[in-house]
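Peer 1: Test case, fold it:
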Amino acid sequence: MIRTSMLSSTTALRVAPIVCSMGSRTFATSAAFRAAASVHQHTTQGTQHSASSSDKSRSVSSAASSPLTKQDAVSTVPQQPHTFTGDWLLFHPVYKPEELKSIQVIHQVPTKLSDKVAYRLVKLARWGFDLVSGYKHKALPADAHKMTVQALRKDGFVLGPDGWLNRFLFLESIAGVPGMVAATLRHLQSLRLMRRDNGWIHTCLEEAENERMHLMTFMTLRKHSIFFRALILGAQGVFYNLFFLTYMIMPAAAHRFVGYLEEEAVRTYSHCIQDIESNLVPEWRNAPAPQIAIDYWRLPQNATMLDVIYAVRADETSHRFVNHSLANLNQKTDVNPFALREPDMSLKGQKIAFDRSEAANFVEESREMLQKQSKNEA
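Peer 2: Next up, the predicted model:
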């Protein structure tokens with residue numbers, strides 16, 4: 001996959017190499033450096049201009065007493081009349097239309113005892129989550145075509161926009177926890193052992209931020225009560241600590257748990273897409289996408305909520321593939337195969353995971369691509 005500020009293909013390498021030896025893991029984002037230099041140049045010019053203005057304002061304010069000596073002091077920070085915009089986010093994918101349509105609802109069959117336990121725990125969490133969010137995946141009755149959407153909602157066969165948002169907001173407020181926990185623990189381990197982490201930290205952080213951006217998107221559509229926020233606060237606190245302890249002891253099982261959790265997320269968003277396309281959520285059929293979603297996924301300006309749900313489902317599919325793949329690796333010695341690039345969604349949408357040998361081959365392919373790219377740039 002590529003940096004979102006460039007192209008729309010998801011097969012390009014993330015970084016360019018400094019050293020191209022087979023054992024080298026030292027890379028630099030040359031494109032990022034060039035972009036940063038450009039931003040720095042413009043920022044410096046803007047800073048020089050604002051500095052002269054601030055000097056004038058300071059000379060005026062020096063004649064008066066400092067606002068800090070007043071009882072009702074106001075902020076001494078200059079208030080800007082505009083909002084700074086830009087993509088300061090971590091790497092995240094931008095999808096082609098055909099990639100969004102290639103996703104399948106598939107399942108990783110549990111084989112080891114830890115996998116079976118993780119799967120059962122996810123099913124238990126799913127049951128509780130369905131209960132809290134009022135989600136019921138019930139088959140439509142035979143005479144559904146004769147019933148109105150309001151009647152189907154009243155009988156619990158379909159959800160309305162508020163019902164879906166309740167579910168999405170609760171789901172995404174929890175889904176952003178595992179990546180941050182994994183990144184934190186691996187970061188501390190790298191510091192403690194004084195060695196590199198083989199590329200795991202960035203992928204975990206990217207997942208955490210991606211889930212948080214899902215939450216930020218859906219938050220623009222609805223504001224919830226204090227009770228709902230308190231419920232999320234409690235669930236998040238409990239889940240964070242439980243996952244923290246689990247990852248310390250069994251990181252592979254923790255990644256497997258997240259993989260199964262993402263399977264449920266893909267299933268939920270697929271159900272929502274089906275309902276929207278079946279006109280069971282007519283409010284979202286042609287509803288405009290939030291601007292934050294258009295900016296984040298580089299959607300067209302006329303994008304709708306259906307386009308947003310498709311993009312979110314693709315993200316969850318990527319997390320499903322990545323976590324199931326990471327669970328198949330040696331957590332202490334193996335290189336993260338997604339540190340340099342990620343497979344196309346046409347693969348991730350139809351394949352549940354890389355096994356260990358496939359991950360090793362993918363890493364080798366990435367190194368060969370980096371060497372070839374380095375020679376072309378030389």
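Peer 1: tally of neighbours for residue 235?
Peer 2: By other CB atoms under 10 Å, 18 other residues sit near residue 235. No exception for glycine: its C-beta is placed from N, CA and C like everyone else's.
Peer 1: how close does it sit to residue 170?
Peer 2: 8 Å (CB to CB, to the nearest Å).
Peer 1: Then residue 149?
Peer 2: 23 Å.
Peer 1: thinking residue 218 is in contact with residue 168, fair?
Peer 2: Yes - using CB atoms under 8 Å, residue 218 is in contact with residue 168, at 4.8 Å.
Peer 1: Next, show the common contact partners of those two.
Peer 2: Contact criterion CB atoms under 8 Å, 6 or more residues apart in numbering; residues shared by residue 218 and residue 168: none found.
Peer 1: Give me the more crowded residue out of residue 149 and residue 170.
Peer 2: Relative neighbour count places residue 170 above the other of residue 149 and residue 170, with 21 against 17, counting by other CB under 10 Å.
Peer 1: Surely that one is within a helix?
Peer 2: Yes - assessed by DSSP: H, G, I helix; E, B strand; the rest coil, residue 170 belongs to a helix.
Peer 1: For it, give its distance to residue 102.
Peer 2: For residue 170, the distance to residue 102 - CB to CB - is 28 Å.
Peer 1: same thing with residue 370?
Peer 2: 27 Å.
Peer 1: These two: which has the busier surroundings?
Peer 2: Just comparing residue 370 and residue 102: by other CB under 10 Å the higher neighbour count belongs to residue 370, 21 against 18.
Peer 1: Which pLDDT value goes with that one?
Peer 2: Per-residue pLDDT puts residue 370 at 88.
Peer 1: what helix or strand is it on?
Peer 2: Assessed by DSSP states H and E, residue 370 sits inside helix 356-377.
Peer 1: So which residues of the chain form helices?
Peer 2: Using DSSP state H, the helices of the chain run over 30-61, 97-100, 113-133, 149-154, 161-175, 177-193, 200-219, 226-249, 251-277, 282-285, 291-297, 305-327, 345-348, 356-377.
Peer 1: now, of these, which is deepest in the fold?
Peer 2: helix 305-327 (a mean of 25; mean count of other CB atoms under 10 Å).
Peer 1: how about the helices of the chain, which one is nearest residue 141?
Peer 2: Ranking these by distance to residue 141, with CB to CB as the measure, places helix 149-154 first at 8.5 Å.
Peer 1: Only alpha carbons, please: show the closest one as CSV.
Peer 2: Taking Å, rounded to 0.1, in the frame of the first residue of the first chain, the C-alpha atoms of helix 149-154 are listed here in CSV:
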residue,chain,number,x,y,z
VAL,A,149,-39.1,-0.2,6.8
GLN,A,150,-40.6,1.3,10.0
ALA,A,151,-42.4,-2.0,10.6
LEU,A,152,-39.2,-4.0,10.1
ARG,A,153,-37.4,-1.8,12.5
LYS,A,154,-40.2,-2.0,15.1
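Peer 1: contacts for that helix?
Peer 2: In this structure, residues lying in contact with helix 149-154 by CB under 8 Å, 6+ apart are 140, 144, 158, 159, 160, 163, 279, 280, 282.
Peer 1: and these, which are buried?
Peer 2: Listed as buried from the contacts of helix 149-154 are 158, 159, 160, 163, 280; burial here means 16 or more other CB atoms under 10 Å.
Peer 1: for the protein, which residue is closest to the average position?
Peer 2: Residue closest to the average C-alpha location in the chain (CA atoms, centre = their mean): residue 210, at 1.6 Å.
Peer 1: Next, the contact list for that residue, please.
Peer 2: 92, 179, 315, 319.
Peer 1: now the second one: how far from residue 281?
Peer 2: So that's residue 179. From residue 179 over to residue 281 the distance is 29 Å, taken as CB to CB.
Peer 1: How about the first one?
Peer 2: Using CB to CB, one obtains 26 Å as the distance from residue 92 to residue 281.
Peer 1: Those two: which has the busier surroundings?
Peer 2: More crowded of residue 92 and residue 281, by other CB under 10 Å: residue 281, with 25 against 19.
Peer 1: Would you confirm that residue 275 contacts residue 283?
Peer 2: No - the criterion here is CB under 8 Å, and residue 275 misses it with residue 283 at 11.1 Å.
Peer 1: Next, the distance between the ends of stretch 146-160.
Peer 2: 18 Å (CA to CA, to the nearest Å).
Peer 1: so residue 335 touches residue 197, yeah?
Peer 2: No - contact criterion CB under 8 Å: residue 335 and residue 197 do not qualify, at 9.7 Å.
Peer 1: Same drill for these two, tell me which one is more crowded.
Peer 2: Between residue 335 and residue 197, residue 335 has the larger neighbour count (other CB under 10 Å), namely 21 against 18.
Peer 1: how close does the more buried one sit to residue 198?
Peer 2: Using CB to CB, we find residue 335 at a distance of 5 Å from residue 198.
Peer 1: just residue 211 next, same as before
Peer 2: Taken as CB to CB, the span from residue 211 to residue 198 is 23 Å.
Peer 1: And residue 339, by the same measure?
Peer 2: 7 Å.
Peer 1: How about residue 350?
Peer 2: 27 Å.
Peer 1: The two - which one has more neighbours?
Peer 2: residue 198 (20 against 13).
Peer 1: pLDDT at that one, what is it?
Peer 2: 91.
Peer 1: OK, contacts around it?
Peer 2: 25, 333, 334, 335, 336, 339.
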